[in-house]
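Asks: this one's structure only:
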Ligand SMILES: Nc1ncnc2c1ncn2[C@@H]1O[C@H](COP(=O)(O)OP(=O)(O)OP(=O)(O)O)[C@@H](O)[C@H]1O
Ligand SMILES: C[C@@](O)(CCOP(=O)(O)OP(=O)(O)O)CC(=O)O
C-alpha cells in the first residue's frame with residue numbers, strides 16, 4: 001500500500017437498472033449458491049426511471065465493512081452480502097493511481113475495508129426488483145473498484161449469489177439467465193439476447209398498486225413452492241424449456257403477438273404455482289387486510305382490461321406481467337398503443353382528488369402528452385374504453401397509487417462525475 005496510507009479514499013459510483021422477467025425464475029435447486037430450476041428471460045427497464053445508484057469506497061482508514069441503504073445503515077453480515085463480497089475480493093487485481101499516490105496490491109484487498117452507500121429511486125422490497133438492481137450494482141461497482149478483469153457474464157454469476165434475478169440486471173435490453181448444469185454454479189449466468197435498441201418500439205407502463213413490503217419474500221415463497229408444488233416441477237421440466245425457445249424467437253423477430261402471449265401465460269402460470277403452494281401464496285395482494293380485496297380486485301381489473309382490449313383488436317396490443325407483488329407491468333407494442341393504454345387506465349383508475357396528475361403519472365411524460373392528457377379536466381373527459389360493455393362503465397378512483405411510464409433500457413454504467421457519489425470523498429461517510 002502507498003506510504004501515506006491513512007490519507008486516501010478511493011471511490012467508484014455506478015448506476016444499475018432493474019429488470020422484469022417475462023419468463024419467470026421461480027424455484028432454486030441450490031439455496032446458497034442460488035441456482036434456479038429453470039432458465040428465465042427478462043427485459044431491462046430504463047434506469048432513467050427505475051434504478052439503483054451505489055458508491056463503493058475503500059480506504060486504509062476504514063476499520064470495518066459498512067453499508068448504508070437509502071441513507072440508513074444496514075448490516076452486511078447476511079450470507080448473501082458476504083458471498084458477493086468474498087467472490088469479488090477473490091477476483092481483485094493490483095491497482096495504482098500514481099497521481100493520488102495510491103497503490104493497492106492484489107493481496108492488500110483482503111485487509112482493506114469497504115464503505116458502501118446505495119440508493120433505490122423506487123420502493124425497496126415491494127416487488128419492483130430492488131434486490132435485482134441492488135446486488136447487480138453492488139457487484140458491478142466493486143468489480144470496477146477492485147480492478148477485477150471479469151466480463152459482465154462472469155460478474156452476473158456473482159450478482160446471482162446476492163439475489164437470483166440480479167444476474168439479469170448486468171445487461172441492458174433482453175437478457176437470459178441460463179440455469180446451467182455445474183454443481184458449483186460456474187455456468188449459471190446471464191447473457192444478453194438483444195440490446196435495448198433492438199426493439200425500441202416497446203413502451204412499459206407499471207401500475208404501482210402497492211409499494212408496501214410484501215408478506216412472503218420471493219426467497220421463502222419459492223422455497224415453499226419447490227417443497228410443495230407439483231405444478232412447479234411440471235413447469236420447470238416441461239413448460240419453461242419450450243417457452244424459452246419461443247420467447248427467444250419472438251424477441252429476435254420482434255414478434256409482439258407471440259411475445260405478449262408468452263409473457264401473460266408465464267406470469268399467470270407463476271401465480272398459479274404460488275396458489276399451488278401449500279399453504280397457498282397470494283402475491284396479487286397486500287400485507288394489510290383492509291387493502292386485501294381492493295388490491296386483488298385491482299390486479300384482476302387490469303388483467304381483464306388488457307384481455308378484453310386484446311381480444312377486441314384481434315391480436316395482442318399489450319402484455320401484462322406481475323412479480324411477487326400486486327404491481328402490474330404492462331408492455332405496449334408501441335407508443336401509440338401505450339397512449340391508448342394510459343387513456344384506458346386513467347379512465348378506470350383516476351387519481352384521488354388530492355393527487356396531482358404530475359405525481360400520478362411519472363417517468364416518461366411524453367406518453368401522457370401523446371394520450372392528449374394535460375390536466376385533470378382531460379382525465380375527466382376520457383371516454384370509456386369501447387370494448388367495455390357495462391353501462392355505465394365503472395371507475396375505481398384511488399385504487400392505483402401511481403403509474404410509471406418507461407421502456408427497455410441500458411445496462412450498468414459508471415459515473416465519473418464525483419457529484420453523483422453518495423459518499424463524501426474526504427471521509428468516506430454518506431454525504
Ligand atoms: N440498493 C441495494 N443494494 C443492495 N441490496 C439491496 C438494495 N436494495 C435492496 N437490496 C436488498 O434486497 C432486499 C429486498 O429484496 P426483496 O426480494 O425482498 O424485494 P424486491 O427485490 O424489491 O422485490 P422482488 O424481488 O420480489 O421483485 C433488501 O432487504 C436488501 O437486502
Ligand atoms: C417473481 C420473480 O421476481 C422472482 C425473483 O426472485 P428473487 O431474485 O428476488 O429471489 P432470490 O433469488 O431468492 O433473491 C421472478 C423473476 O424475477 O424472474
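Replies: Received the coordinates, thanks. Just so you know, these numbers come straight off a predicted model, no measurement behind them. Ligands and ions are numbered 1, 2, ... in the order given.
Asks: need the residues of this protein near ligand 1, please.
Replies: Selection of the chain residues close to ligand 1 by Cβ under 6 Å from any ligand atom yields 52, 69, 118, 120, 124-132, 134-135, 138, 165, 217-218, 323-324. For glycine as for every other residue, the C-beta is placed from the backbone atoms N, C-alpha and C.
Asks: of the residues you listed, which ones also sit close to ligand 2?
Replies: 131, 165, 218, 323, 324.
Asks: pLDDT and neighbour count for those - can I get that in JSON lines?
Replies: JSON lines is the format used below for those (pLDDT from 0 to 100; neighbours: other Cβ atoms under 10 Å):
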{"residue": "131", "pLDDT": "94", "neighbour count": "23"}
{"residue": "165", "pLDDT": "98", "neighbour count": "29"}
{"residue": "218", "pLDDT": "92", "neighbour count": "21"}
{"residue": "323", "pLDDT": "92", "neighbour count": "24"}
{"residue": "324", "pLDDT": "89", "neighbour count": "24"}
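Asks: which ones among those are found in helices?
Replies: Residues of these located in helices (DSSP state H): 131, 218.
Asks: helix or strand: which one has the residue in the stretch 51-200 of the chain positioned nearest to ligand 1?
Replies: Proximity of the stretch 51-200 of the chain to ligand 1 (Cβ to the nearest ligand atom) peaks at residue 134, 2.3 Å away. Using DSSP states H and E, residue 134 falls within helix 130-145.
Asks: so which bits of the stretch 301-431 of the chain are right by ligand 2?
Replies: 323, 324.
Asks: test my guess that the residue of the stretch 51-200 of the chain closest to ligand 1 contacts residue 159.
Replies: No - under the criterion of Cβ atoms under 8 Å, residue 134 makes no contact with residue 159, lying 9.5 Å away.
Asks: these two: which has the busier surroundings?
Replies: residue 159 (33 against 25; other Cβ atoms under 10 Å).
Asks: picking that back up, which residues do residue 134 and residue 159 both contact?
Replies: Counting by Cβ atoms under 8 Å, 6 or more residues apart in numbering, the residues touching both residue 134 and residue 159 are residue 166.
Asks: show me the strands in the stretch 51-200 of the chain, by range?
Replies: 51-59, 66-69, 72-74, 95-97, 102-104, 113-120, 174-178, 189-194 (DSSP state E, counting those that start in this stretch).
Asks: deepest in the core, which of these is it.
Replies: Across the strands of the stretch 51-200 of the chain, averaging neighbours per residue (mean count of other Cβ atoms under 10 Å) puts strand 51-59 on top, at a mean of 27.
Asks: quick one: contacts of it?
Replies: 8-18, 104, 109, 112-122, 130, 133-134, 136-138, 141-142, 145-146, 415, 420-423, 428.
Asks: could you list the domains of this structure?
Replies: 10-196+416-420, 203-406 (automatic domain parsing).
Asks: quote the end-to-end distance of the longest one.
Replies: Between the start and the finish of domain 203-406 there is a gap of 6 Å, counting by Cα to Cα, to the nearest Å.
Asks: for the first one, same thing?
Replies: In domain 10-196+416-420, first residue to last residue: 15 Å (Cα to Cα).
Asks: which other residues reach the helix or strand bottoming out on mean pLDDT in the chain?
Replies: In the chain, no helix or strand scores lower on mean pLDDT, DSSP states H and E than helix 289-313, which sits at a mean of 84. Residues outside helix 289-313 that contact it (Cβ under 8 Å, 6+ apart): 207, 209-210, 260, 264, 282, 284-286, 316-320, 322, 326, 328, 330, 344-345, 348-349, 385-388, 396, 399-400.
Asks: selection in PyMOL covering whichever of the residues you listed are buried, please.
Replies: Of the contacts of helix 289-313, the buried ones go into a single PyMOL selection, burial set by 16 or more other Cβ atoms under 10 Å:
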select buried, resi 207+209+210+260+264+282+284+285+286+316+317+318+319+320+322+326+328+330+344+345+348+349+385+388+399+400
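Asks: contacting residues around residue 172?
Replies: Applying Cβ under 8 Å, 6+ apart, the residues contacting residue 172 are 17, 44, 192, 195, 196, 408, 409, 410, 411.
Asks: that older thread, which of the domains of the chain is buried the deepest?
Replies: domain 10-196+416-420 (a mean of 21).
Asks: find the residue closest to residue 267 in space, skipping its chain neighbours.
Replies: residue 321 (4.0 Å; Cβ to Cβ, 6 or more residues apart in numbering).
Asks: which elements pack onto whichever strand or helix holds that neighbour?
Replies: Counting by DSSP H and E, the element that carries residue 321 is strand 318-322. Counting contacts by 3 or more Cβ pairs under 8 Å, 6 or more residues apart in numbering; DSSP states H and E, strand 318-322 is packed against strand 19-23, helix 256-275, helix 289-313, strand 328-332.
Asks: any stretches of the stretch 101-250 of the chain with poor pLDDT?
Replies: Along the stretch 101-250 of the chain, segments meeting pLDDT under 70 span 126, 211-214.
Asks: interface residues of it facing ligand 2?
Replies: 131, 163, 164, 165, 218, 219.
Asks: make it 8 Å
Replies: 127, 129, 131-132, 160, 162-166, 168, 177, 217-219, 222 (Cβ under 8 Å from any ligand atom).
Asks: residue 206 bridge partners, please.
Replies: residue 329, residue 404 (DSSP bridges).
Asks: ok but residue 419 is inside a helix, no?
Replies: Yes - counting by DSSP: H, G, I helix; E, B strand; the rest coil, residue 419 is located in a helix.
Asks: the nearest residue to residue 372 once chain neighbours are set aside and residue 83: what is the separation?
Replies: Of all residues not flanking residue 372 in the chain, residue 378 sits nearest, at 6.3 Å (Cβ to Cβ, 6+ apart). Counting by Cβ to Cβ, to the nearest Å, the gap from residue 378 to residue 83 is 51 Å.
Asks: how much space between residue 422 and residue 135?
Replies: 17 Å.
Asks: what does residue 145 give?
Replies: With Cβ to Cβ as the criterion, residue 145 and residue 135 are 16 Å apart.
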